[in-house]
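Peer 1: model the following, please.
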Amino acid sequence: MSAKAEYYDVIRKPIITEKATMASENGAVVFEVAIDSNKPQIKQAVEALFGVKVKAVNTTITKGKTKRFKGTIGRRKDVKKAYVMLEEGNTIDVSTGL
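Peer 2: Residues are numbered from 1 along each chain as shown. Sure thing, here's the model as predicted:
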């Protein structure tokens, strides 16, 4: 498997919410990442895929809610988010495709 495919396994998709948009004004970009990925892997993947310099990576795990699906109780999956702080002068436009 190529190295680029491994990076796409680490970074799933950008998260575009009101909170993520506010973070982007401070030079941060928010991604949904694999639950078993760590900060050095995330940093390496973002630098390789987007060609930017990463200053810091903060992660958070949101536990999945318990919900009813067609009358039976189910559980949503846990989601790991990475707040990637970029060096000065680097930007990623997440509104366009990769």
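
Peer 1: what separates the host helix or strand of Lys43 from the chain centre, distance-wise?
Peer 2: Here Lys43 is covered by helix 39-50, with elements defined by DSSP states H and E. Taking C-alpha atoms, centre = their mean, to the nearest Å, one finds helix 39-50 lying 10 Å from the centre of the chain it belongs to.

Peer 1: so which bits of that helix are buried?
Peer 2: Gln41, Ile42, Lys43, Ala45, Val46, Glu47, Phe50 (16 or more other C-beta atoms under 10 Å). Where you see a C-beta, it was placed from the backbone N, CA and C, and this is true even at glycine.

Peer 1: need those in CSV (columns: distance to Val33 and pLDDT).
Peer 2: Listed next are these as CSV, based on distance: C-beta to C-beta, whole Å; pLDDT from 0 to 100:
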residue, distance to Val33, pLDDT
Gln41, 8, 92
Ile42, 6, 93
Lys43, 11, 92
Ala45, 8, 92
Val46, 10, 90
Glu47, 14, 89
Phe50, 14, 86
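
Peer 1: what are the ranges of the helices in this protein?
Peer 2: Assigned by DSSP state H, the helices in the chain fall at 3-10, 18-24, 39-50.

Peer 1: so what's the residue nearest to the spatial centre of the chain up against?
Peer 2: Nearest to the geometric centre of the chain sits Phe31, at 1.7 Å (C-alpha atoms, centre = their mean). Counting by C-beta atoms under 8 Å, 6 or more residues apart in numbering, Phe31 makes contact with Ile11, Arg12, Lys13, Pro14, Ile15, Ile42, Val46, Lys81, Ala82, Val84.
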